[in-house]
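1. Below is the sequence, then the predicted model.
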Amino acid sequence: MSPASTSARLRRALLRWDRLLVLTAAALPTLVSAVLGFLWLGERGLLLPFAGGCAALAALVAGARVLARWRPVTAPSALSPDLAVAPDPDWSERETAVFGRVRARIEARTAEAQPWNRMPDLVMEVLREVATGLGGRGVLDFTLPEALLLVERTASRYRARMRRHVPFVDRVSIRTIEWAWTRRRALHQGYTWASAAHRLARIASNPPAAILREVEGLVAGGNAGWLGGQMQGVAQALLLEEVAHAAVELYGGRLRFSDAELLELGLAGADLDRARLVAPDAPLRVLLVGQTGAGKSTMLNALLGADHAETDAAPTTPGFVAHEGEIDGLPCFLVDSAGLDGGEAGLDTLLAEMERADLILWVLRANRPGRAVDQRLLRRFQAAFDATPERQRPEIVAVATGVDRLLPGWPFPENLLPPEAQVRVAEAVQAIGADLDVRLPVPVCAIAPEWNIEALRTALIAALPRAIKAQRNRRRLEATQGSGLRQEVGRAGRGLVLGAETLGGRLLRRVRPGGERPRGSTDPA
């Protein structure tokens, strides 16, 4: 292609009316304001002082930068709160701590802008630090589905971030960006020529002011270069923090299944609850634990506001029975359990169910001092989760029932305890808290006239966020453990069938009805 034809194509592209109109509309207000401002300054003889003031301000900023280098201080985060990458609220304490340490190192590394050709090495350092912090994994210890889900989530997050922070991002087409990029050298050359022409015109019109403007440009150029370096450091910090965020999701096992897949797995895992249930499925699993006769079924009826569970002095709950209910409008399963009797088989069964729970309501008798069985179960429960740090431990809400048995003269007028009764209840609650390593129980009376049930509901509502986190963690790990040999064989079988169908279909389309292969390479279909 000749230079003349290239010049003609560039001229036609630049002179398209739509692009020319957009450029004119964007630049005209600024240019007109600048010209009018300089004319106004020239009429009043203020052009020279104005140029001198601009040069002095630029020199002052440059001097402040030099002084700042002599006094090194710990720099705050380079990213504004609106741009900084925050840890996910669903992360565990260990994941949040690892992300915080890595983010602090990122801030230190990007305090001064790094060469962009070093970014791949910095990205690998971030990945290695996160992988090591989350259990000593290797950088490549992830599967292909996890990598694909990582790309999907990162792309969605970047799309939302661009729509929020980048102006005109949903108006400028890729074609326009490609047009500007392929012609960037010509555009830069045009800008250089226009700038040179402007400087020559300024010298011709007012030489003293032009000289001061040139001095200002030299000083301000250093400030602009420093500011550009800082902006590059901010961009690098943002990029590396996004990498760290994605790495925590990846190496923490949160990308093994998408939210939709977890929903399907959760519905499949609820079949056991449906078999126990006299009501429809619900998401959260709240398990009632306690000794025989502690009042678990009575407590369940008080929370549900109906006689869902049988109550008696003798044990009335065979195995586990799930009832549908709500806590602050959130559907849940309230799973009533058989009472603790001290037998090892019963402890093993109940411990397994506690590991499947999202929230545990531990029912304790306020007027019963013997709590050795509860202590033994609690120690085993804590040891089980200490051995599996990747598990999110369910929140335990303790409740002390039978308060009415401690207080002579019960019930009291308007359910208001006199001072001496309050002291006695507080002593009982403190004694339970000293025996068990749990938060102080909520004292209640679950039989008519009920007392302090609303305080228990408030405690359960406060525990809901941690219960939801425990459920998500449990479902993700259960789904990972459930991917066994049978599932892999099923995948292989489906892949073979699909491959055979695809290959066989193509072969059949290439063969004539009589069984002969057609001459030529064209497909008759």
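-> Arrived safely.

2. Okay, residue 291 and residue 341: tell me how far apart.
-> Counting by C-beta to C-beta, to the nearest Å, the separation of residue 291 from residue 341 is 8 Å. (C-beta placed from N, C-alpha, C; glycine too.)

3. More neighbours: the two, which one.
-> residue 291 (21 against 12; other C-beta atoms under 10 Å).

4. hang on, isn't that one packed against residue 375?
-> No: here residue 291 does not reach residue 375: they are 11.3 Å apart, not a contact under C-beta atoms under 8 Å.

5. After the helix or strand of the chain at the bottom of the mean pLDDT ranking, which helix or strand is next? Please name it.
-> The helix or strand of the chain with the lowest confidence, counting by mean pLDDT, DSSP states H and E, is helix 271-276 at a mean of 46. On the C-terminal side of helix 271-276, the closest following helix or strand by DSSP states H and E is strand 284-290.

6. could you give the mean pLDDT of that following strand?
-> Mean pLDDT, computed over strand 284-290, is 91.

7. what does stretch 241-251 give?
-> 83.

8. Equivalent analysis for stretch 97-113, please.
-> 86.

9. so where is the stretch 1-150 of the chain shaky, pLDDT-wise?
-> 1-29, 62, 65-84 (pLDDT under 70).

10. Spell out the residue ranges of the helices in it.
-> Per DSSP state H, counting those that start in this stretch, the stretch 1-150 of the chain carries helices over the ranges 3-14, 17-43, 47-70, 93-109, 119-133, 144-165.

11. for the stretch 251-400 of the chain, same thing?
-> Under DSSP H, counting those that start in this stretch, the stretch 251-400 of the chain gives helices at 259-269, 271-276, 296-304, 344-355, 372-386.

12. ok and the last one relative to helix 344-355, angle-wise?
-> Which is helix 372-386. Relative orientation of helix 372-386 versus helix 344-355 (axes from the mean of the first three to the mean of the last three C-alpha atoms, to 10 degrees): 50 degrees.

13. who are the neighbours of helix 372-386, in terms of helices and strands?
-> helix 344-355 (3 or more C-beta pairs under 8 Å, 6 or more residues apart in numbering; DSSP states H and E).

14. buried sites along the helix it packs on?
-> 346, 347, 350, 353, 354, 355 (16 or more other C-beta atoms under 10 Å).

15. How about residues contacting that helix?
-> By C-beta atoms under 8 Å, 6 or more residues apart in numbering, the residues outside helix 344-355 that reach it are 287, 289, 320, 335, 337-338, 340, 360, 376-377, 380-381, 384-385, 391, 394.

16. any chance of the buried residues of helix 344-355 in a markdown table, plus pLDDT and distance to residue 252?
-> Formatted as a markdown table, the buried residues of helix 344-355 follow (pLDDT from 0 to 100; distance: C-beta to C-beta, whole Å):
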| residue | pLDDT | distance to residue 252 |
| --- | --- | --- |
| 346 | 82 | 35 |
| 347 | 87 | 32 |
| 350 | 90 | 30 |
| 353 | 90 | 26 |
| 354 | 91 | 24 |
| 355 | 89 | 20 |
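
17. closest to residue 241 among those residues?
-> Closest approach to residue 241 among the buried residues of helix 344-355 (C-beta to C-beta): residue 355, at 34.8 Å.

18. picking up where we left off before, need the residues touching each of residue 291 and residue 341.
-> Common neighbours of residue 291 and residue 341 (C-beta under 8 Å, 6+ apart) are residue 373.

19. What's the separation between residue 293 and residue 365?
-> Per C-beta to C-beta, residue 293 is found 7 Å from residue 365.

20. Neighbour count: the two, which is higher?
-> Higher neighbour count among residue 293 and residue 365: residue 365, with 21 against 17, using other C-beta under 10 Å.

21. Which stretches in the stretch 401-525 of the chain count as strands?
-> For the stretch 401-525 of the chain, strands defined by DSSP state E, counting those that start in this stretch occupy the ranges 442-443.

22. Low-confidence stretches in it?
-> Scanning the stretch 401-525 of the chain for pLDDT under 70 picks out the ranges 478-525.

23. which residues in it form helices?
-> Using DSSP H, counting those that start in this stretch, helices in the stretch 401-525 of the chain cover 419-435, 453-481, 485-510.

24. So residue 299 is in contact with residue 399, correct?
-> Yes: taking contacts as C-beta under 8 Å, residue 299 lies within contact range of residue 399: 6.6 Å.

25. list the residues that contact both of these two?
-> With C-beta under 8 Å, 6+ apart as the test, residue 299 and residue 399 both reach 361, 363, 444.

26. now the closest residue to the last one other than its chain neighbours: how far from residue 440?
-> In space, and not counting its chain neighbours, residue 444 is closest to residue 452: 4.6 Å by C-beta to C-beta, 6 or more residues apart in numbering. Taking C-beta to C-beta as the criterion, residue 452 is separated from residue 440 by 13 Å.

27. more crowded one of those two?
-> residue 452 (19 against 14).

28. how about the more buried one, what does it touch?
-> Shown in contact with residue 452 (C-beta under 8 Å, 6+ apart): 403, 442, 443, 444, 445.

29. repeat that with 7 Å
-> 442, 443, 444, 445 (C-beta atoms under 7 Å, 6 or more residues apart in numbering).

30. any idea which of those is closest to residue 421?
-> residue 443 (10.6 Å).

31. Quick check, the closest one in contact with residue 366.
-> Yes: with contact defined as C-beta atoms under 7 Å, residue 443 counts as touching residue 366 (6.3 Å).

32. For those two, list the residues in contact with both.
-> In contact with both residue 443 and residue 366: 400, 403, using C-beta under 7 Å, 6+ apart.

33. Low-confidence stretches in the stretch 151-300 of the chain?
-> Using pLDDT under 70, the flagged stretches of the stretch 151-300 of the chain are 158, 161-162, 165-169, 199, 202-203, 206-231, 256-282.

34. Next, count neighbours for residue 294.
-> Neighbour tally, residue 294, other C-beta under 10 Å: 24.

35. mind checking how far it is from residue 470?
-> 23 Å.

36. Could you list the residues in contact with stretch 437-446?
-> 295, 298-299, 302, 362, 364, 366, 378, 396, 398-401, 403-404, 425, 429, 432-433, 451-453, 455-456, 459.

37. Tell me the buried residues within those.
-> 295, 298-299, 302, 362, 364, 366, 378, 396, 398-401, 403-404, 425, 429, 432, 451-453, 456, 459.

38. Please report how far residue 396 lies from residue 376.
-> 15 Å.

39. Alright, that wraps it up for me.
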